[in-house]
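Visitor: need a structure here:
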Amino acid sequence: MVKDKLFSKSYLCILAANFLLFFGFWILIPVLPFYIKETYSCPEAVLGAVLSCYTISELCIRPFSGYFMDSFPRKPLYITFYFLCTTAFVGYMLAGTLTLFIIIRTLHGAAFGGVTVGGNTLCVDIMPSSRRGEGLGYYGLTNNSAMALGPMTGLFMHGKMPYEQIFLVGLTASITGLVLASIIKTKVKPQTKRPPISLDRFILIKGIPVSFSLLLLSIPYGATTNFVAMYAKEIGITAASGFFFTVMAAGMGISRIFAGKQVDRGYVTRCIHLGFYPVITAFLMLALCRFIIGYSHSAATACFFIVPLLLGIGFGIMFPAMNTLYINLAPNNRRATATSTYLTAWDVGIGIGIVGSGVIAQHFTFYMVYLTGSVLCTVSLIFFVLKVTPHYNCNKLR
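Guide: Next up, the predicted model:
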């Protein structure tokens, strides 16, 4: 049996455009705290609030961007949001005050929230439905590759080059991605009467059960991406903690390719079940590193770097399956709403993880953050097996 063609010109363009978009995003993540503090003399107490404005605006725009992507032609909106993300780099270089920087960062977050919903939805539109899981796996792999290369590039340039050059690299990547995005060809949706505005046009109601499970899963993920380096320093692991994200990206890359093909065979919920186990184990191991290091520093370091591999494998298995699950619960004219609901649940959990982990760490230590994360993932697994799986089997449309 001949497989439907996946790697079309448009699909390759959207892969490259998505990689360059996220590369521009990730290259700034480890550098911006230094830039804001040095350029605007921003106190550390205010630094977190300044950086969080990006996430807040991104979260606020997601439900609305899903509605607009479903109601109007998707590609023009995608290109518009992409263009706004690109111009943000120019704004960073021209911002003369902290207030103006915050405004630009907030607009960048809103544009990024729109372009990620649009890109994911366009990707689903472009690829054949018979290879959707595999296609989403490769698409997600571009995010992981950018996550591995972007921070490493930004930190390499930091201290060796002026900040303006780092912004120029991000700007160049975004401009190149914008050009590639403009080449994408999609089928023009027939004009239909837009339905009245209601809650289910902004949130996929059938996706609420899985969103609760996903939110619990993303809480410890948010705590890990933001505080794992601080945790390593706290317990005395001296190895380069930045390598943690490279190992995690590698694990995601390997597992996404395998998982996507299994999803296309219909094993959507089975893949998600399977992905939970390495993730739960990883967060438990991360918490135990604090005690292992008392007996053997080398054993604790080895354990510390096994964790990102397990996290990468687990999340890499679950991400294409989760995305497909949301898509399968929605009619074709609400794909963007499904994608928006998926990404919103993930972002809310990450936000809770960032705030909550700080509170837990203040009263205990960071090991309790990851021990709590392992418990939350276990609760998420139980809820997914008992509630989400039967709900999905009863309500899936394809």
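Visitor: how about low-confidence regions in the stretch 151-300 of the chain?
Guide: Regions of the stretch 151-300 of the chain meeting the criterion pLDDT under 70 cover residues 188-201, 226, 240-242.
Visitor: quick one, helices of it?
Guide: In the stretch 151-300 of the chain, helices defined by DSSP state H, counting those that start in this stretch lie at 163-183, 208-235, 243-264, 268-292, 297-329, listed in chain order.
Visitor: got CSV for the ones you listed, with mean neighbour count and distance to residue 364 too?
Guide: C-beta: built from backbone N, CA, C; applies to glycine. CSV is the format used below for these (neighbours: other CB atoms under 10 Å; distance: least, CB to CB, whole Å):
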stretch, mean neighbour count, distance to residue 364
helix 163-183, 19, 36
helix 208-235, 21, 11
helix 243-264, 22, 22
helix 268-292, 21, 11
helix 297-329, 22, 19
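Visitor: So for residue 5, which of the ones you listed sits nearest?
Guide: Of all the helices of the stretch 151-300 of the chain, helix 243-264 sits nearest to residue 5, with 14.1 Å by CB to CB.
Visitor: residues contacting the nearest residue to residue 276 once chain neighbours are set aside?
Guide: Counting by CB to CB, 6 or more residues apart in numbering, residue 276 lies nearest to residue 381, which is 4.3 Å off, once chain neighbours are set aside. Taking CB atoms under 8 Å, 6 or more residues apart in numbering as the criterion, residue 381 is in contact with 273, 276, 280.
Visitor: domain assignment for the chain?
Guide: Here the domain assignment for the chain is 1-187, 198-398, based on automatic domain parsing.
Visitor: Distance of the residue of the chain positioned farthest from its centre relative to residue 238?
Guide: If you look at how far each residue of the chain sits from its centre, by CA atoms, centre = their mean, the farthest one is residue 295, at 35.9 Å. Relative to residue 238, residue 295 is positioned 17 Å away (CB to CB, to the nearest Å).
Visitor: How about residue 246, nearest residue that isn't a chain neighbour?
Guide: Spatial nearest neighbour of residue 246, excluding adjacent residues (CB to CB, 6+ apart): residue 148 at 4.9 Å.
Visitor: ok, now residue 203?
Guide: The nearest residue in space to residue 203 (CB to CB, 6+ apart) is residue 341, at 5.4 Å.
Visitor: low-confidence ranges in the stretch 1-150 of the chain?
Guide: Judged against pLDDT under 70, the low-scoring parts of the stretch 1-150 of the chain cover residues 1-3, 44-48.
Visitor: I'd like the helices of the stretch 151-300 of the chain as CSV, with distance to residue 393 appended.
Guide: Listed next are the helices of the stretch 151-300 of the chain as CSV, based on distance: least, CB to CB, whole Å:
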stretch, distance to residue 393
helix 163-183, 36
helix 208-235, 12
helix 243-264, 15
helix 268-292, 8
helix 297-329, 11
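Visitor: Could you pull up the residues touching residue 148?
Guide: With contacts defined as CB under 8 Å, 6+ apart, the neighbours of residue 148 are 245-246, 249-250.
Visitor: Then residue 151?
Guide: The neighbourhood of residue 151, defined by CB under 8 Å, 6+ apart, consists of 26-27, 29-30, 242, 245.
Visitor: Quick check: the gap between the residue lying closest to it once chain neighbours are set aside and residue 249.
Guide: Take residue 151 and drop its neighbours on the chain: the residue closest to it by CB to CB, 6+ apart is residue 30, 4.8 Å away. In this structure, residue 30 and residue 249 are separated by 15 Å, where distance is defined by CB to CB.
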